[in-house]
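1. kindly return the folded structure for what I paste below:
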Amino acid sequence: MRAFKFILLAVCLIFIAKGHAQNDAAKTQEMEQQEAEKIAMKNLEEEQKFLAENKAKEGVIETPSGLQYKFITEGNGPVATAMDTVEVNYIGTLLDGTKFDSSYDKGKTFMARMSSTGLIKGWAEGLQLVPEGSKIILYIPSKLAYGNRARGPVIQANSTLVFEIDVIKVRKFVEEQ
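-> Okay, here's the model as predicted:
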């Protein structure tokens, strides 16, 4: 009988401990979610401030969608349309200058298909505004990038993305006959 009481007590303690562990995990998850929401709100506030100040700078053009861009050099080649593919080199950074991607670091150019669903809206719009041979900076609001979703360890929710892009070649779409 004594062994039975001991086993019953042990089982009760295990259930209590398991309940506490689940509660702790739920609390931790809730705290992480609250922290992520704070970061997302902070990023949105920083974005609004940055874009408002940036559009007043010389040479910065803002489109109706809120995309901002600036020519470093303006090419004189063809301009991409929604069906074309654009060959580019690029460096992607956050507002604080943190680099998160670069075709230069990969040692190869990037082929951006304008009709691709994998291309963020800011790129699809921006690359259809500039001619081949141009070097531009795109200032992409979060709503034209990844929105309120984080993307990997560096791009947080509501991050404004800055891309310096060298438009190497516009490959025009040719419809098969």
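2. ok, now how distant is S65 from P141?
-> 8 Å (C-beta to C-beta, to the nearest Å). C-beta here means a position set from N, CA and C on the backbone, and glycine is covered the same way.
3. between the two, point out the one with more neighbours.
-> P141 (23 against 14; other C-beta atoms under 10 Å).
4. got a list of what the more buried one touches?
-> Neighbouring residues of P141 by C-beta atoms under 8 Å, 6 or more residues apart in numbering: 47, 51, 66-67, 122, 160.
5. for L161, see how far away it is.
-> Distance, P141 to L161, using C-beta to C-beta: 9 Å.
6. any shared contact partners between these two?
-> Counting by C-beta under 8 Å, 6+ apart, the contacts common to P141 and L161 are G122.
7. beta partners for V167?
-> Counting by DSSP bridges, V167 forms beta bridges with V88.
8. need the pLDDT of it.
-> Looking at V167, its pLDDT is 98.
9. residues in contact with it?
-> When contacts are taken as C-beta under 8 Å, 6+ apart, V167 is in contact with 75, 77, 86-88, 127, 130-136.
10. narrow these to those in strands?
-> 86-88, 135-136 (DSSP state E).
11. which among those gets closest to K57?
-> Distance ranking of those against K57, using C-beta to C-beta, places I136 first at 14.2 Å.
12. list the contacts of the closest one.
-> Neighbour list for I136: 69-72, 126, 130, 164-165, 167 [criterion: C-beta under 8 Å, 6+ apart].
13. tell me what it is bridged to.
-> Under the criterion used (DSSP bridges), I136 bridges to F71, I165.
14. distance of it from G59?
-> The gap separating I136 from G59 is 10 Å, by C-beta to C-beta.
15. still on that earlier bit, from the contacts of P141, which is closest to K106?
-> G122 (20.2 Å).
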